[in-house]
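Undergrad: sequence-free structure coming up:
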């Protein structure tokens, strides 16, 4: 069983930036992909960004493309998300997720391991 722990959330002003981190521990960690999802009240959990572990290939949701960067450090079993030009609609609980098997649709149901989530609140 892998444990995922997120950090870096908090209160940020609109237009500002934040960095999220996710560190994995437990069994040998070699996922197919890791991802950041977010969930706002009353909404479905949605993909923010994902990255393949071996090749480091990123994937971004249209809503964050161009203002976000996802990265990973395999030596540290860690994944990061840098978000800039934050908007009010970026407010949500952000979750780190990983999946050992090939992911097709990058829907939240495709991922088997989850962190506890970290709150990001963007204020005006």
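TA: Sure, I can see it. Computed from a predicted model, the values in this text were never measured in an experiment.
Undergrad: secondary structure class for the residue positioned nearest the centre of the chain?
TA: Nearest residue to the geometric centre of the chain (Cα atoms, centre = their mean): residue 36, 1.7 Å. With DSSP: H, G, I helix; E, B strand; the rest coil as the basis, the three-state label of residue 36 is strand.
Undergrad: report pLDDT for the residue nearest to it when sequence neighbours are not counted.
TA: Distance criterion Cβ to Cβ, 6 or more residues apart in numbering; nearest residue to residue 36, sequence neighbours excluded, is residue 48 at 4.2 Å. Every residue, glycine included, has its C-beta placed from N, CA and C. Here the pLDDT value assigned to residue 48 is 98.
Undergrad: then the one 3 residues further on?
TA: For residue 51, the pLDDT comes out at 98.
Undergrad: name the element it belongs to?
TA: strand 46-52 (DSSP states H and E).
Undergrad: tell me the helix or strand right after that strand.
TA: Next element after strand 46-52 (DSSP H and E): strand 58-60.
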